[in-house]
Structures are given as structure tokens and as C-alpha cells.
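1. Provide a 3D model corresponding to the input given below.
(2 chains)
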Number of protein chains: 2
Amino acid sequence: MDFIKKLKIDRVEDGKIEAIEDSVIAEYPLTIFLNGEEFVTLLCSPKGLEYLAIGFLVSEGIIKDKGQIKNISIDEKEGHVHVDLQDESLFTKKLFGKRTVTTGCGKCTVFYNVLDSLGTRPIDSKLQIRWDKALGLANELNEHSAIFKETGGVHNYALADQDRILLFQEDIGRHNALDKIIGQSILSKLDLGDKILISSGRVSSEMAIKTIKSRIPILVSRSAPTELAINMAKEFNLTLIGFARGNRMNIYSGGERILTD
Amino acid sequence: MDFIKKLKIDRVEDGKIEAIEDSVIAEYPLTIFLNGEEFVTLLCSPKGLEYLAIGFLVSEGIIKDKGQIKNISIDEKEGHVHVDLQDESLFTKKLFGKRTVTTGCGKCTVFYNVLDSLGTRPIDSKLQIRWDKALGLANELNEHSAIFKETGGVHNYALADQDRILLFQEDIGRHNALDKIIGQSILSKLDLGDKILISSGRVSSEMAIKTIKSRIPILVSRSAPTELAINMAKEFNLTLIGFARGNRMNIYSGGERILTD
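-> I've put the predicted structure just below:
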């Protein structure tokens, strides 16, 4: 499926109207069925759907590793992904029904005390990275995305080690892009404990929670974090870097993992 | 409460580390209680909380006008807003439990066929606006937001008539900013049928749905719409303008409401 669609539109410039062909970003409804039951519908960019489905289930705390998955199948035409788990009793509607129900950007199912209630411990990784390497990865992310440049409509996340970007995902939804990274990591059995997450966009509390739950020790964003995200990062010892652009960056939390000159 | 918080952070520039005071954007958890029952928790910017609560309830289809509201009270310290409706039986957990549950940016509870199933009819407003007035409103929105310039972290929505911006709201969540506009309009008993909505950010299907449900005939964004949002705008005869910047704009739908030279 195409990330980008070509459409005929009218452009108005200085009062003159002209019919042109323009690129617009696709928005694709993906319904996840879990053990045969309809679970959730996500609006996303139509790539990496398998990664998105698995990453979403990990982020929601439904599964933790690849071994729990019996089968994944995708029906692109219908916009359905079916995930069957080894444990068919793991998901019950009753459990899910208790969650906080939300709708959008800056709203969330998970919460500050969710991390506590899940017994989440601070990240104790000894990983360190030189400031210029972290900055280099953030600048590399920016160059990586051709789609953003074409339509101005997607968020990018990458997973990197000290030297290079390993995984790259983009999506119209910031949450989706991160879930795709997490899903791809789980399916590839990548260890996240010594990796660096790179983000093109703002870091809200939800992004911080997803990162902390994934045990990734360093999150580098080219954009701004929120105060709540910073507080969470401090509490759970996540290294949080923002505005990593050009020759500088801000360290909001966990500066001991960043080596300066 | 403050939209912006001052924090001490470390800035790294060319490998040199310096402690500075920086502005970061607040992210505030607001829990809506409906007729005494916990309904939803939103993460938002801590201003216009009453508008957000009412706008959210309108967007979710729970209420339609101010007359249905018996009382609103806010406990800012706890982050609670209590909305009591005239009809105490209107909200049942059972009804709400059936909705699609989602979490984030680019994901939604409402859907393409939701508009159909709600019996939503195409917008038949005869409102027209000159291209340069629409562009002027979009440029004015941009000048309006001081916070974005300070922290790079918020989305802006405005409601305008042909001549000027009437309402202006900003929030870390795009959905929240629009819900605040809708809530403020409802509480002010503004007629939305002859107004223009101006957006700083991307128009996804959820934004299009909220606009169509509110019966606002023209939506002007400074940024990109998604293909799904364009398709919905066409189906429900919403005039959808994107990339309204400087001296030009793209017309994706409903061009008969835009007057060119």
C-alpha cells in the first residue's frame, strides 16, 4: 500500500486558481483482532502493520515477547490484523474494559502511577554515549525521512546503537511510529536495554512511559519534551535529551549517560 | 496554573556543558467525572479546562448543547472536573464500554461510518469567504501563539467569522485544542454554522469528523490534511483548505465556498 497518494487539488496563489496534482499522506484504519476478538482500531500509515500491531500489544502490557505469539496474519484489503497468542485466555474483554478510554494526541490510557503499579523499576543501564554521537544520530534521523519532506505529515522514530541507526519507522501518529519500533524489536528479538531511541517529535508522558516500559535507557528527541515526561524520566532514570539539532542539545534527565568534552 | 514551567537543565553546545534555565511546556492530567462517575482522563495544557471537558463530551456525542448541563465544577489541584447533566441516566458505563478504545495521536474512537451511523448529513451552509480573508485568518493564527514560539510544543485552533478571530485555544494535544474551541462555543452559545475553523496543525480524519459533527462549514489549516480527512470532507461537503501560508493555499474539498479573483 502507498504511504502517499496523488490527488488532484486546486491551488490558490495570489488569488489565481490552478488545478494541480499533489501528494497527500494516507491514513489507514487498522483493526487488531486478538485471539479472534476485535480489540482496537488504529489510524496509521499503511506500512509496518505487523510491527504496529505487536508494538501496540506490548505497549498496552498485553504481551512481552515473541514467544507469546502463536500466529500473526494480515488482511491488507480489509485493514485487519489477526494476532493469536499462545495463551488464549490472556485477553479478556473484562480486563480491557477497565482501562481508561481516550481518544487522541496528548491523551493516554497509561498513567504516571501505571508505571508504579506495574512494578516498574528505574532503568539501571550503564550505557553511555558521546554527545556528538547522540547528536549525529538525531541529525541522521532527519535526513532519513523522505516522506516528511514531501508531505509534512509524519513522525519518525529510530532505534540505534552507539554507531548507527538500526531500525527506522515513520507514521502519521507519533505513538504508532514508536509502537512500530517496539514491535519490530520484539519480532527481531533485539535487546533494547543497550539501545538509543531517536525521535523527530515532541516527547509527551506517553512516549516517556513507552520508552521506560521498553527499558531503553536513552531517548534523544529533535523536539521538546513536556514537563510530565521530564518528571517521569527523572523518576525512572531515563536519559532524556531534547532539541538535539545542529551542534547542540538539552539534557533534561540522566546526564551521566552523556559524555561531553 | 502555568502553561509553561521553568526548569534547570543542562545545555550541551559544541561539547561544552552549561546549566541554564529553560521553559518547558506543562502536561496536565485532567480526569472528567460525568454524573459522579469517572469517565476519562485527558493529558492537556492546563488552561480552558472547563471548555475542554465540555468540548470532549460534545465530540464524543454525549451532549449537544449547554441546556443539557446542570453543573460544572473544577478542582484544579486534584485535576478533576465534575460535569453533572440534567439527564442523570444519559451516561451509562455499558454504552461507553462498547466504544472502540484507543490511545494516541492518529488513533481514534470515532470512525468513517460513525458519521453515517449518527445520521450525519452533508454540510449545506452557503457561507463563502474570499481567499485572501481565509489566508489572512490563517496568518493571524500564527501570530497569535506566543507559546508555540517559546517552547515549540503546542497546537492552536481558532474560530473566526469572515472578519476576525473570535476564539483562540492552544494545547499540547491537537484534539484538545479543537475540543476547547467546541466547548467554549457551546458554553457561549455561539452558532457554529457560519464560522470558520483555523488550525495550526495537520488535519487527520478525527479533526475532520469533529469539524463535521460541529457543522462548521470551512476548515483552514496551515498544515497538511490526510487522504482520509480529504475523503470525509468531500463526502460531507466540508470545505477543507491546507497549507494556508504566505500568499497561497490548497483547496482539497468544497472549493465553491472560496472566492478567488
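2. just the helices in the stretch 51-200 of chain A please.
-> If DSSP state H, counting those that start in this stretch is used as the criterion, the helices of the stretch 51-200 of chain A fall at A:93-97, A:112-117, A:131-144, A:146-151, A:174-187.
3. which of the ones you listed has the lowest mean pLDDT?
-> Comparing the helices of the stretch 51-200 of chain A by mean pLDDT, the weakest confidence falls on helix A:93-97, with a mean of 44.
4. and residue A:54, what is it in contact with?
-> Remark: with contacts taken as C-beta atoms under 8 Å, 6 or more residues apart in numbering or on different chains, residue A:54 is in contact with A:63, A:69, A:72, A:83, A:182, A:183, A:186, A:187. For every residue, glycine as well, the C-beta is placed using N, CA and C.
5. one more time with 7 Å, if that's ok
-> The neighbours of residue A:54, taking C-beta atoms under 7 Å, 6 or more residues apart in numbering or on different chains as the test, are A:183, A:186, A:187.
6. tell me how many other residues crowd the closest residue to it other than its chain neighbours.
-> In space, residue A:54 comes closest to residue A:183 once its chain neighbours are excluded; the distance is 3.7 Å by C-beta to C-beta, 6 or more residues apart in numbering or on different chains. Here the count is done by other C-beta atoms under 10 Å in any protein chain shown, and residue A:183 has 25 residues near it.
7. got the contact list for residue A:183?
-> For residue A:183, the contacting residues are A:51, A:52, A:53, A:54, A:55, A:58, by C-beta under 7 Å, 6+ apart.
8. follow-up on the earlier one: can you lay out the contacts of residue A:54 as a markdown table showing distance to residue B:26?
-> Conversion of the contacts of residue A:54 to a markdown table gives the following (distance: C-beta to C-beta, whole Å):
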| residue | distance to residue B:26 |
| --- | --- |
| A:183 | 31 |
| A:186 | 33 |
| A:187 | 37 |
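9. tell me which of the residues you listed is nearest to residue A:29?
-> Of all the contacts of residue A:54, the one sitting nearest residue A:29 is residue A:183; the distance, using C-beta to C-beta, is 17.8 Å.
10. so how far is chain B from the closest one?
-> With distances defined as C-beta to the nearest C-beta, to the nearest Å, the gap from residue A:183 to chain B amounts to 14 Å.
11. any idea how far residue A:34 is from chain B?
-> Taken as C-beta to the nearest C-beta, the spacing of residue A:34 relative to chain B amounts to 12 Å.
12. cool, and residue A:220?
-> Here residue A:220 is placed at a distance of 11 Å from chain B (C-beta to the nearest C-beta).
13. show me where pLDDT drops low in chain A?
-> Within chain A, the stretches falling below the threshold (pLDDT under 70) are A:90-118, A:146-153.
14. now do the contacts for the spatially most central residue of it.
-> Taking C-alpha atoms, centre = their mean, the centroid of chain A lies closest to residue A:178, which sits 0.9 Å from it. In this structure, residue A:178 makes contact with A:157, A:207, A:210, judged by C-beta under 7 Å, 6+ apart.
15. switch to 8 Å and redo it
-> Residues counted as contacts of residue A:178 (C-beta under 8 Å, 6+ apart) are A:55, A:59, A:157, A:169, A:197, A:199, A:207, A:210, A:211.
16. where's residue A:257 relative to chain B, distance?
-> Noted for residue A:257: a distance of 12 Å to chain B, by C-beta to the nearest C-beta.
17. that should have said residue A:245, apologies.
-> The spacing between residue A:245 and chain B, counted by C-beta to the nearest C-beta, is 11 Å.
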